[in-house]
Structure formats: C-alpha cells, structure tokens
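> Provide a 3D model corresponding to the input given below.
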Amino acid sequence: MNLIELSRYTRKDTQKIALIEDVLSETRVLKSMSFDMVSEKCCDMDEPYLEERLKTCPKCGKKYLKDENFCFDCLVSLNDIKQIDIKSLDVKHDFTVRKTNTYNSFDYIFTTDNLIKINDFDFERKNFSKIIKNIKSTALQSIDTAIKENDIDLEELSALEKVLLFAKAFVDVEYKSYGQELGYYSFNTIYIDDRQLDALQITTLLHELTHFLVKEILTQILCSLLDASKTRELESIITFILSYSKQNCLIDEYAAHTVEGRFTLFGYQDYSSFLSIEKEIDMSKDEIEMLKTIGNTFAHIIKTIVESFINANMLTEIKSQFRNDILDSPNYSQLSQENCTILNYEGFFQAVQFILTEGFAYASENLEKIIQINEMWDK
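Down below sits the predicted model:
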C-alpha cells in the first residue's frame, strides 16, 4: 500500500482544530494571569456543593451531610452512603464474539483460505458500526451492573475514581510500585503507578485503555472477516501485528496520545514515547504524517466510545483535577505534534486491510513468536 495515496480519502479533523484554536485563544486571554490564579478561580473549594455529603434520601435521592438524619420533604429517614473502594472493586468485562468458526489452533488459522478472506476484505461500514456499538454497550452494561450491585453513587466519586471505574469495564487494572513508567498496557490489563498525582493517573488510564481498544477493534474486525469467534489465538495474532513493525507501533501510540490529549489540558501532553518510535522509522515526513492520520482516525473512533461515559461535566472535573494537581506552567510547543486530519471510512478500511493482510502473512511466518505471545496471557 502506498501511504501517500490514502491522502485522497482524508478530511480535516474539525473537532480537533476547533479545540486547538479555543485553547490558543484562551491562552492569549489569560496571558497576563498567573497559572496559580487560574487554578484558584477554577477550583474554589469553598463552594457549598463540594462539601462532603455522606447520607442520601431513599426517595428523592437528595444528598445530606452526615449529621442530618431525616428528609423533611419526603418524611423518611436518611440512608448512609456506602464508601466504595473503586481500586479494589472487581468489575466484570467480557467482550465475547461468537461466530460460525472457532479457532483454537494456529494450524487452522494460518491457512491460504483465511489469508484470501483477509485480503478480499469483505467488510462494510455497517459491520464496523456494529462492532463499535457492541464494544460500547458491553462496557456500559458492565458499569451499570457494577453500580447497581455495589450501590455506587457516582456523585460521591472523585474524577479519578470515575475514570478508573470506566477503565475497569474494559480491562483489569493493577498497581505497580517500581519503574519510571506512569503505566503500561499488557494482555488486557493496565498497570498503573498509583503514587502519581490523580490527574496523571487519569490520563495514563485513558492512554493505556486506548491501546486495548485499538487491539479489540482490530481483533473483532479479524473475527468478522474469518467468521470466527474470538479466541486467545486470534487476540495473540493481533497483539503480534501491533508490535512487530514500527509503523504499527507508531499508529497505536499516536492513537493513545490523541485520546489522552482529548481529556488533558492542552499544554501538558507528553509525546516522548511516540517520538522515540518515530526516530526509528526510516520514512518520509509525508508518510509519517499519514501514519499519524491513521492513528488519529483510530482515536476519533475510540473517543466516541470514551465519551459515552466521560461527558462534558466529567471532562470539566478532569480539567479541574489537572489545575489542582499540576503546578508547572503549560507548554504549548507540543501542539506541533497534533495531526488534524482523519480518513473517511473507505480510506480507513484500506489502511486496516493493509495492516491485517501484511501482518497476518508475517505472523504465519513467525509461529514461534505467536505461540510465545499466546502462552503469556495467563502469566
């Protein structure tokens, strides 16, 4: 595939352009103000609605302070609000895909017929819409079940706890206490350093969750093409495809940075992991930009999943958390890394077809590595 030829399928990412223009405009307005003053203004902890509320009316749902015992509007006694530890909460998530074929052996996966099916790419927009809808609805159902079973009051959760609950609807989340990384994703688990500021944990969760969603989207497309139920073997192949080439790594990493950036105050992005991959790719500037466009298109799709839970009000909470936690002044030089172009569906499907066709063929030639990946899921 000639990457440059995909440019005819592109359009401007107007949402991102408008967001950047708003940020730069706001920066000019606030230029004479100190960042501490802005933080103070946005996070007034004397506001009465931010006071701790530990009881609720079982009828109207109104919140009360812990020393109140009765709702005079409903004439009923108040209930204590449960204090739920979201960190230790186990949220069930199961993105099952059931199709005609079930492949539990690589011998039955890596066949000429399956390679032809991937190359033919009999896949339409309605198939893709169904995949995204199912991923979104499955996660929201997991969240709804967790809320009901544990009597969780979302209003009582911090911004970090809400994002953590959302992330757990997709993947397991474990905590690490060593290494310099804020977090990483591996085999449907996010590992995060909870010693970091809440704001950084939030963006790390969203960044690593994007890696899962890129993998999940490609896995479900592969299942559709092969008319196959999702198995660890198919997930292992996609995991290999996303990691064996620097080009695919860059697409995956740029998507993660872009989704993270949607929920981060501009001026606090860190593209170091993306830039380290970019340095290792011997491609023209235009080709790199097209890889970023593919990553930006993945991000554009994934943001629709994330925004089904993180609405405008919650986004404001996350921004306030940043202003509370981050003391450094914003640095807008990283805006130069933003790609403001996305592919239409035809161009995006062509890019995915190339990724899967080339990756599937290469995976079949590296069976030993695929088997190693498959064995690591339960470790």
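
> Quick check: closest non-adjacent residue to Val352.
Ile221 (6.3 Å; C-beta to C-beta, 6 or more residues apart in numbering). All C-beta atoms are positioned from the backbone trio N, CA, C, and that covers glycine.

> Which residues are in contact with that neighbour?
Listed by C-beta atoms under 8 Å, 6 or more residues apart in numbering, the contact set of Ile221 reads Phe123, Asn127, Phe128, Ile131, Val352, Leu356.

> hang on, the second one packs against Leu225?
Yep, that's Asn127 we're talking about. No - counting by C-beta atoms under 8 Å, Asn127 stays clear of Leu225, with 9.2 Å between them.

> the more surrounded of the two?
Leu225 (22 against 14; other C-beta atoms under 10 Å).

> Check the model's average confidence along stretch 330-338 for me.
Taken as a whole, stretch 330-338 carries a mean pLDDT of 80.

> Now find how far off-centre the helix or strand where Asp113 lies is within its chain.
Using DSSP states H and E, Asp113 maps to helix 112-120. In terms of C-alpha atoms, centre = their mean, to the nearest Å, the centre of helix 112-120 is set 30 Å apart from its chain centre.

> Buried ones in it, by neighbour count?
By neighbour count on 16 or more other C-beta atoms under 10 Å, the buried set for helix 112-120 is Asn114, Leu115, Lys117, Ile118.

> helix or strand right after that helix?
Note on helix 112-120: by DSSP H and E, the next helix or strand toward the C-terminus is helix 125-149.

> can you list contacts of the helix or strand just after that following helix?
Following helix 125-149 in sequence order, the next helix or strand is helix 159-168 (DSSP H and E). Applying C-beta under 8 Å, 6+ apart, the contact partners of helix 159-168 are 86-87, 89, 91, 93, 139, 142-143, 146, 152, 154, 157, 173, 190, 198, 201-202, 205-206, 209, 306, 309-310, 314, 317-318, 320-321.

> among those residues, which ones are buried?
The buried subset of the contacts of helix 159-168 - by 16+ other C-beta under 10 Å - is 86, 89, 91, 93, 139, 142-143, 146, 152, 157, 173, 190, 198, 201-202, 205-206, 209, 306, 309-310, 314, 317-318, 320-321.

> So which of those residues belong to helices?
Assigned to helices by DSSP state H, the following of those qualify: 139, 142-143, 146, 198, 201-202, 205-206, 209, 306, 314, 317-318, 320-321.

> In these, find the pair that's most separated.
Within these, Ser142 and Ser320 form the most distant pair, 26.6 Å apart (C-beta to C-beta).

> Please identify which helix or strand holds the residue nearest to Phe187 when sequence neighbours are not counted.
In space, and not counting its chain neighbours, Phe187 is closest to Trp377: 5.3 Å by C-beta to C-beta, 6+ apart. In this structure, Trp377 sits in neither a helix nor a strand according to DSSP H and E.

> Show the contacting residues for Trp377.
Per C-beta under 8 Å, 6+ apart, neighbours of Trp377: Phe187, Asn188, Arg232, Glu235, Ser236.

> tell me, what residue is most central in this protein?
Among the residues of the chain, the one closest to the centroid is Thr210, at 3.0 Å (C-alpha atoms, centre = their mean).

> What pLDDT does the model give that one?
98.

> which residue ranges form the helices in the stretch 151-300 of the chain?
In the stretch 151-300 of the chain, helices defined by DSSP state H, counting those that start in this stretch lie at 159-168, 198-226, 232-244, 246-262, 272-278, 285-306, listed in chain order.

> re the thing from before, need the buried ones from the contacts of Trp377 selected in PyMOL.
Filtering the contacts of Trp377 down to the buried ones (16+ other C-beta under 10 Å) takes a single PyMOL command:
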select buried, resi 187+188+235+236
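
> and the two most separated of the contacts of Trp377?
Asn188 and Ser236 (11.6 Å).

> Ser245 - how many residues pack around it?
There are 15 residues near Ser245, going by other C-beta under 10 Å.

> so who does it touch?
Gly359.

> With Ile131 instead?
Counted by C-beta under 8 Å, 6+ apart, Ile131 has contacts Ile217, Gln220, Ile221, Ser224.

> so the second one sits right up against Arg98, yeah?
So the one you mean is Gln220. No - using C-beta under 8 Å, Gln220 is not in contact with Arg98, being 11.5 Å away.

> which of those two has more neighbours?
Gln220 (22 against 9).

> contacting residues around the more buried one?
Phe95, Val97, Ile131, Asn134, Ile135, Lys230.

> can we see that at 6 Å?
Neighbouring residues of Gln220 by C-beta atoms under 6 Å, 6 or more residues apart in numbering: Val97, Ile131.

> Having no further points to raise, I will conclude here.
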